[in-house]
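Chemist: A structural model of the following input is requested.
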Amino acid sequence: MIDRTLLAVMLLSSGLAAAPDHAEAGTPAEDFVASDADRSGTLNAAEFRRFIALGVAAGRPRAVMIRDNNAYDMAFGRVDRDRNGQLSRAELQIR
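Modeler: Next up is the predicted model:
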């Protein structure tokens, strides 16, 4: 299992929405929209899990790392900079 500190540094050093390795995969922006079940324009913790699952399916290494280490809560907390319990496109570094 990866060290949690190392995982935190990796999450903070680059956006979670890094470009997919698979050309046929949806973009992070498309995954964000698909994950936003309540159409609020932000992702709650459950929607974030869906966003990560789509990232895993697209082959995004950070998403795979979060899933493999069951680090959903830690990743969510690190990205939720304003601590409002919702992740914006800006917090996820999605244009």
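Chemist: in the strand or helix carrying V33, what counts as buried?
Modeler: Following DSSP states H and E, one finds V33 within helix 28-35. For helix 28-35, a neighbour-count test (16 or more other CB atoms under 10 Å) marks 28, 31-32, 35 as buried. All C-beta atoms are positioned from the backbone trio N, CA, C, and that covers glycine.
Chemist: now stretch 83-93
Modeler: Neighbour counts using 16+ other CB under 10 Å place 86-89, 91-92 of stretch 83-93 among the buried residues.
Chemist: same deal with stretch 41-58?
Modeler: 42-44, 47-52, 54-56, 58.
Chemist: just the mean pLDDT for that stretch, thanks.
Modeler: The average of the pLDDT scores along stretch 41-58 is 98.
Chemist: residues in contact with it?
Modeler: The contact list for stretch 41-58 (CB atoms under 8 Å, 6 or more residues apart in numbering) reads 16-17, 20-22, 25-26, 28, 31-32, 34-38, 62-64, 66-67, 72-73, 75-76, 85-89, 92.
Chemist: which of those fall in helices?
Modeler: Using DSSP state H, 28, 31-32, 34-35, 62-64, 66-67, 72-73, 75-76 are the members of the contacts of stretch 41-58 that sit in helices.
Chemist: which two of the residues you listed have the greatest separation?
Modeler: Using CB to CB, the two most remote members of those are A34 and D73, lying 21.5 Å apart.
Chemist: now S40: closest residue in space that isn't a chain neighbour?
Modeler: Ranked by CB to CB, 6 or more residues apart in numbering and with sequence neighbours excluded, the top spatial neighbour of S40 is Q86, at 7.3 Å.
Chemist: what stretches of the protein score poorly on pLDDT?
Modeler: For the chain, the stretches flagged by pLDDT under 70 are 1-25.
Chemist: now find how far off-centre the longest helix anywhere in it is within its chain.
Modeler: Longest helix in the chain, counting residues (DSSP H): helix 45-57. Counting by CA atoms, centre = their mean, to the nearest Å, helix 45-57 is centred 6 Å from the centre of its parent chain.
Chemist: and the angle for that helix with helix 61-68?
Modeler: Between helix 45-57 and helix 61-68, the angle comes out at 120 degrees (axes from the mean of the first three to the mean of the last three CA atoms, to 10 degrees).
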